[in-house]
Every structure is written in C-alpha cells, then in structure tokens.
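Turn this into a structure:
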Amino acid sequence: MLTLNRLVEERDAEGILEYAREFHGHVCPYLALGIRASLLAMEELGVKRLDYSGSVDESILAIVEVNSCFTDGVQVTTGCTLGNNSLIYLDLGKTALTLVKRSTWEGVRIYADAERLARYYPPGARELFNKVIRERRGTPEERAKLRELWEEAAHRMLHLPREEFKVERVKVPPIEQAPIFDSVRCSKCGELVMETRAVHVDGETFCLRCAGERYLGVVGRGIIELGGME
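Prediction:
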C-alpha cells in the first residue's frame, strides 16, 4: 500500500501533514484544518482515500467552498484533486468541505468557523499573520516567528474535537462525470484547444485568447473573468 494511503487509513494526521507540507510548500493552520475536516468527513461517510479505480471512476467527490490552504489539505487527504476531476470548487468563500458518494449522492458537509477556532492560536500569532501576510510587511525575524507559531497552530488544528465543526448529512444534486472533448487547432497560435473552448470566426477556429474573448480563471480572490481585447 502506498504510504499516504496507509497514513490516511490509519488516521495518522501528523504523518499526513508531512505529505501536505511537501505538496503545499509550508505548514499552516488551514492546511491542517483541511486534513482534519477530510478525516472527519471520510469517517462519517465510511469511505477511504481515492485509489486507482476510485479516481478513474470519480466515485467520491470532494466539494470545497474556498480556494485557500484548506483545499490543499483536502486534496492530499482525500485524493480528490482538480486534475482527476474529483474536486469541485464552489466560489462561496466558506471554509467547508462536502464529501459525497457518486453512487447515492449522499454526502457529509463539514464547516469550520474561524471565529470559533480563534482560541486555538498561540498568543500573538494572528496579529503577526496580519502584519506579515495580510499587509505584506514584516522583518525576516518576524517571518521566521510566524512560521514557528503557524506550525504550532497547525498541530492543534489537526486534533480538534468533532464538536468544533458543524457536521451535517446532505443530499447533493447529481454532478456529471467529466466529459472527454475532442481538440481543435487554433488558426492563429497553432495550438490545440478543447473544442468547447474554441470560437469560430469567418470559417476559422480560434482559441479564446487569440479571439480576444473573455474567459474564467481562479485567482486568489476566487473565480474572475480574464482576457478580452483590452
């Protein structure tokens, strides 16, 4: 059995966090919160981390409502990723995960309330976060101190009691499996593009960028329109 799958099966949150550190680049409270929420949801739903068959069949979906560190904790723990089409991102801005079985569309939604969790942070950690991350300033020493405090907070988040979360059974409307589309070649840049993302002008095919059309992208603030003629 692969090591990460074994760690998840054994509910070894500390071990999973080390994998998440490599995936995410650093350890922070919301990365750990994503791991903790995932383990809770998997236990409630009685499912394992996605294996080969599960990832190909998209048998389990993880629906997240925020594009923060939390989501990387979910991807590492559940195996539901953007690339295997088992991760659904809803641009709602809430720290929440819904894990759902495609076979029944029965799911479990786990919500974490930041205000409720404030007491789990070491003294001064949130103030230092505001200075170093939110305001993008701070000395090298303050950045190093934040790293230390953030890791301490992360280890606390990993072991939060179930009562700190809102846990509810939900019924999710069916979501189609990822369709496979053919590709067509853009007349201007010469690159292949998914046919559903191509436009046709005067008998020629263009990708959205070459056509000067707007398209959607996920950035730090969520889903926004990008591109266009300007």
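
ok, Asp113 touching Lys166?
Yes - contact criterion C-beta atoms under 8 Å: Asp113 and Lys166 qualify, at 7.1 Å. The C-beta positions use only the backbone N, C-alpha and C, and glycine is treated the same way.

Run a quick neighbour tally on Gly93.
Neighbour count of Gly93, defined by other C-beta atoms under 10 Å: 12.

Helix, strand or coil: sort out it for me.
The three-state assignment at Gly93 reads coil, by DSSP: H, G, I helix; E, B strand; the rest coil.

Identify the residue nearest it in space, chain neighbours excluded?
Excluding the flanking residues, the one nearest Gly93 by C-beta to C-beta, 6 or more residues apart in numbering is Val66, at 5.9 Å.

Give me the contacts around the helix or strand bottoming out on mean pLDDT in the chain.
Lowest on mean pLDDT, DSSP states H and E among the helices and strands of the chain sits helix 52-57, with a mean of 75. Identification of contacts with helix 52-57 by C-beta atoms under 8 Å, 6 or more residues apart in numbering yields 48, 59-60, 79, 84, 86, 102.

Next: stretch 183-198.
By C-beta under 8 Å, 6+ apart, the list of residues contacting stretch 183-198 reads 181-182, 204-210, 215.

And stretch 75-92, by the same measure?
For stretch 75-92, the external contacting residues (C-beta under 8 Å, 6+ apart) are 4-5, 8, 16, 19-20, 23-24, 34-35, 38-39, 41-42, 49-51, 54-56, 58, 60-67, 71, 74, 99, 175, 177-178, 218, 222-223.
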